[in-house]
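*Asks:* 3D, please:
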Amino acid sequence: MYHRPISRRQVAGLAVATSAAMLLASCSSSDPSGSDTAKDLNLTVQVQIEQMPAFQYAAGLLEKKHPGLKVKLQTITGDQKNTTNAQVLSSSNTPDVGIVPTNAQPYFDLMKAKKLVPLDDLWKSSDLESRYGSTVANSLKWNGTPYLALFDTTYYNIVFYNKDAFAKAGVTAPANHQVASNADLYTMVSKLKSAGYDGLSVGGSSGFHLGWLVDAQLQANASDAALKDFLTSWQAGNKQTVEYTSPEFTDSLAQLEDWKKNAVFQSGFVAAKADQAQAAFTSGKAAMMIGGTWIPSVLKKQKFEYDWLLLPGAKGTPTVPSLYAGDTLAVPTASKHQSLAKEFIATYSSDEVQTYAAEKVGSLPAVQTVKASDVEGLGPLVQQIVDFAATKVGIGWTSTLPGSLGQVFVDAEAQKLLSGQVTVEKAGQDQQKQFESYKSRNG
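*Replies:* Below is the predicted model:
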């Protein structure tokens with residue numbers, strides 16, 4: 001779905017340093033022959049709590065097909081899936097289906113240790129290559145082989161705003177949902193503060209909100225060549241041509257610092273968690289909140305109407321929605337019921353379940369055979385965002401890089417920047433040093 005919380009950098013660093021060795025040391029039996037018998041069998045599937053209704057629906061369909069089968073849904077947090085889940089999925093007590101985001105370190109550790117089952121047969125039987133589309137399909141393969149199956153997509157870097165607060169403050173919503181410039185943003189925030197509202201609510205300690213803002217700024221500020229380099233230079237065999245110390249990168253960090261100086265964010269944002277940032281918005285304290293296309297499915301208790309907008313870039317180019325297509329399921333080699341595990345993934349990939357997930361949990365479909373525009377349950381705001389993104393969308397930088405190089409690292413670095421611990425220049429140097437360290441280990 002979307003970037004859920006990733007742990008603090010020291011936790012992620014420990015995972016990076018130790019997980020490969022732990023994976024190689026872990027061994028357990030598996031059933032690669034696919035000779036599972038469903039009767040009186042438990043199939044364990046990882047799930048995040050916000051997606052529970054859709055996973056329960058898919059589990060019910062599979063249980064109906066196989067009388068006697070019980071699908072046990074095992075909840076996992078955002079911190080766990082992005083840091084320690086590699087050890088879980090390689091243990092003797094592994095779930096049969098695991099959540100393995102493409103931009104999190106566990107994916108890279110599991111692949112290096114050869115702990116995931118190839119899904120060529122599943123992709124072929126479910127026609128996933130064509131249903132994903134070539135761009136997404138290629139992004140999900142490791143050296144041409146699929147080990148993952150996408151279960152949803154999402155757009156993030158969407159700002160939701162309180163229409164009542166805007167009206168009270170005399171703020172006019174931006175044309176075409178895009179705030180044109182920093183000057184316009186600062187005028188909006190000044191009026192909102194005069195009316196008693198904080199500006200933009202973000203979770204500075206969420207582990208991902210600040211990284212999101214960097215994603216949007218890079219898309220708006222960096223040249224096409226620089227952005228491509230940031231997105232691909234980390235891959236084995238690729239050489240870096242644009243360093244993170246260059247203005248192509250640091251200008252985006254400087255934008256966040258400038259926003260802080262101009263009081264764009266809510267009071268206490270640096271230490272705020274994601275749920276605290278959301279609470280500031282739903283309580284009416286903050287007039288705006290950073291989020292994504294899932295937000296309308298979870299905002300139920302606020303006492304005001306809301307709409308959406310996009311923030312400005314540092315160089316006068318408005319930002320666009322950021323695309324994340326990295327929420328994926330995998331089958332560990334340690335799974336004892338691999339054929340049924342693949343069948344669960346195939347069930348979740350079906351048009352029926354994809355439509356249900358869009359209706360019930362706000363997930364955008366992972367497959368092109370289900371059009372978001374046809375899912376009425378997504379609601380008018382999400383449909384507007386989908387329509388906008390059909391022509392204007394960017395690939396999120398932190399949504400493509402390994403977590404230790406992208407989201408985990410830059411979010412913590414941005415938090416230090418905005419709490420006055422490092423300068424923009426030092427943050428760029430730290431990012432470059434982290435990149436060079438990663439490349440020294442991974443080519």
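*Asks:* when you work out contacts or count neighbours from here on, use the C-alpha atoms and nothing else.
*Replies:* Fine.
*Asks:* contact partners for the residue nearest to residue 226 when sequence neighbours are not counted?
*Replies:* In this structure, residue 226 finds its nearest non-sequential neighbour in residue 242, 6.0 Å apart by CA to CA, 6 or more residues apart in numbering. For residue 242, the contact set (CA atoms under 8 Å, 6 or more residues apart in numbering) comprises 226, 229, 230, 248.
*Asks:* state the distance from residue 69 to residue 43.
*Replies:* 7 Å (CA to CA, to the nearest Å).
*Asks:* no no, residue 338
*Replies:* Using CA to CA, residue 338 is found at 10 Å from residue 43.
*Asks:* quick check: neighbours shared by these two?
*Replies:* With CA under 8 Å, 6+ apart as the test, residue 338 and residue 43 both reach residue 96.
*Asks:* how about the secondary structure of the residue nearest to residue 226?
*Replies:* coil (DSSP: H, G, I helix; E, B strand; the rest coil).
*Asks:* if I look at it, how far off is residue 224?
*Replies:* Distance from residue 242 to residue 224, by CA to CA: 11 Å.
*Asks:* name the residues of the longest helix anywhere in the chain that are buried.
*Replies:* Ranked by residue count under DSSP state H, the longest helix found in the chain is helix 424-442. For helix 424-442, a neighbour-count test (16 or more other CA atoms under 10 Å) marks 424-425, 427-432, 434-436, 438-439 as buried.
*Asks:* got a list of contacts for it?
*Replies:* By CA under 8 Å, 6+ apart, helix 424-442 touches 234, 236, 243-246, 249-250, 253-254, 405, 409-410, 413-414, 417.
*Asks:* so which of these sit within helices?
*Replies:* Per DSSP H, the subset of these in helices is 249, 250, 253, 254, 409, 410, 413, 414, 417.
*Asks:* so who does the second one touch?
*Replies:* This means residue 250. 244, 424, 425, 427, 428 are the contacts of residue 250 under CA under 8 Å, 6+ apart.
*Asks:* closest to residue 135 out of the residues you listed?
*Replies:* Nearest to residue 135 out of the contacts of residue 250 is residue 244 (CA to CA; 26.0 Å).
*Asks:* what number of residues are in the vicinity of that closest one?
*Replies:* 22 (other CA atoms under 10 Å).
*Asks:* how far away is it from residue 216?
*Replies:* Applying CA to CA, the value for residue 244 to residue 216 is 16 Å.
*Asks:* again, but for residue 367
*Replies:* Separation of residue 367 from residue 216 (CA to CA): 24 Å.
*Asks:* more neighbours: which of the two?
*Replies:* Comparing residue 367 with residue 216 by other CA under 10 Å, the one with more neighbours is residue 216, at 28 against 25.
*Asks:* got phi/psi on that one?
*Replies:* Taking degrees, to the nearest 10, you get phi -60, psi -40 for the backbone angles of residue 216.
*Asks:* ok, now residue 186?
*Replies:* Torsion angles at residue 186 (phi, psi; degrees, to the nearest 10) stand at phi -70, psi -40.
*Asks:* cool, the one 10 residues further on as well?
*Replies:* The phi and psi torsions at residue 196 (degrees, to the nearest 10) take the values phi 100, psi 20.
*Asks:* enumerate every residue touching it.
*Replies:* residue 285.
*Asks:* I'd like the next helix or strand past the helix or strand of the chain with the lowest mean pLDDT.
*Replies:* Across the helices and strands of the chain, the lowest-confidence element by mean pLDDT, DSSP states H and E is helix 9-25, at a mean of 39. The helix or strand immediately downstream of helix 9-25 is strand 42-47, counting by DSSP states H and E.
*Asks:* could you identify the helix or strand that succeeds that next one?
*Replies:* The helix or strand immediately downstream of strand 42-47 is helix 52-65, counting by DSSP H and E.
*Asks:* low-confidence ranges, the protein, go.
*Replies:* Residue ranges of the chain with pLDDT under 70: 1-40.
*Asks:* now find how far off-centre stretch 225-236 is within its chain.
*Replies:* 19 Å (CA atoms, centre = their mean, to the nearest Å).
*Asks:* likewise stretch 55-72?
*Replies:* Chain-centre distance of stretch 55-72: 27 Å, with CA atoms, centre = their mean.
*Asks:* buried stuff in that stretch?
*Replies:* 55, 57, 58, 59, 62, 63, 66, 69, 70, 71, 72.
*Asks:* next one: stretch 407-424
*Replies:* Quick answer for stretch 407-424 (16+ other CA under 10 Å): 407-419, 422-424.
*Asks:* confirm residue 154 sits in a strand?
*Replies:* Yes. Applying three-state DSSP, one finds residue 154 inside a strand.
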